[in-house]
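Q: starting from these lines, generate the structure:
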Amino acid sequence: MAFDISNYETVESRLARFWAAYPDGRIETIMMSYDGDSCVFRAELYRHRDDEKPTSTGYAHEVKSDRGVNMSSWCENGETSAIGRACANFIFATQGKRPSREEMGKVARMETVGHAHSPSESPFREHVPTGAFATPKQIGYIKKLAKDAGMDDLRLLELIHRELNDDSTTLELLKSHEASKIIGVLK
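A: Numbers count the residues shown, from 1 in each chain. Predicted coordinates for the structure are as follows:
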């Protein structure tokens, strides 16, 4: 393992700090997508329970597995990770350590199910449910291509909306085939 999981803060710790700083705050979670094999959660943090707009948001994608904690609690893990990301996107993350301990545990679990691979392949076994979300590699490549083209986030989002004919989608929630289409347009 190339990292020390003890260097990462738990979501529980981030939540305790949030509630200590904002005892009248609120947290809302929304399941954005569920297909039986994976789910995407969005978490919203509010400094005060009456605030109309969230102070920060966070998304998390989780995949059902055939063993371990994600055999029965994969949706719960996704919700918890989304809350941890929303906390990190606000002010509750150790500087330079944005992922939570739970997220890094997921990385460690994925490394243990890897397979022999060439240097150009991913060391992780890929799980592709029906309507799979774009991979982090696809999202990163889209961001790089957009940056190389001098596009800011808003222009990229406008391009995505125009090309997919869908004003409600976001970069983070693209399906794999949609990401491939956007990559083709940006190339």
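
Q: which helices and strands sit right next to the helix or strand in which Arg85 is found?
A: Element membership of Arg85, judged by DSSP states H and E, is helix 74-89. If contacts are counted by 3 or more CB pairs under 8 Å, 6 or more residues apart in numbering; DSSP states H and E, helix 74-89 sits against helix 11-21, strand 26-34, strand 38-46, strand 56-63, helix 101-112. Placement of C-beta: from N, CA and C, glycine included.

Q: between these, which one is nearest to Ala134?
A: Closest approach to Ala134 among the helices and strands packed on helix 74-89 (CB to CB): strand 56-63, 9.7 Å.

Q: what helices and strands are in contact with the closest one?
A: strand 38-46, helix 74-89.

Q: which stretch among those comes nearest Pro54?
A: Short answer: strand 38-46, nearest of the helices and strands packed on strand 56-63 by CB to CB, at 3.7 Å.

Q: counting contacts, what elements does that closest one pack onto?
A: strand 26-34, strand 56-63, helix 74-89.

Q: quick one, the shortest one and helix 74-89 angle?
A: Just to be clear, that refers to strand 56-63. With axes from the mean of the first three to the mean of the last three CA atoms, to 10 degrees as the basis, strand 56-63 and helix 74-89 are set at 150 degrees to each other.

Q: now the angle between strand 26-34 and strand 56-63, please.
A: Using the same axes, to 10 degrees: strand 56-63 against strand 26-34 is 40 degrees.

Q: so what's Glu172 up against?
A: Tyr59, Ile139 (CB atoms under 8 Å, 6 or more residues apart in numbering).

Q: residues contacting the residue nearest to the spatial centre of the chain?
A: In the chain, the C-alpha closest to the average C-alpha coordinate belongs to Ala60, at a distance of 3.5 Å (CA atoms, centre = their mean). Ala60 sits next to Val40, Phe41, Ala43, Gly78, Glu79, Thr80, Ser81, Ala82, Gly84, Arg85, Glu103 when contact means CB under 8 Å, 6+ apart.

Q: appreciated, that's everything.
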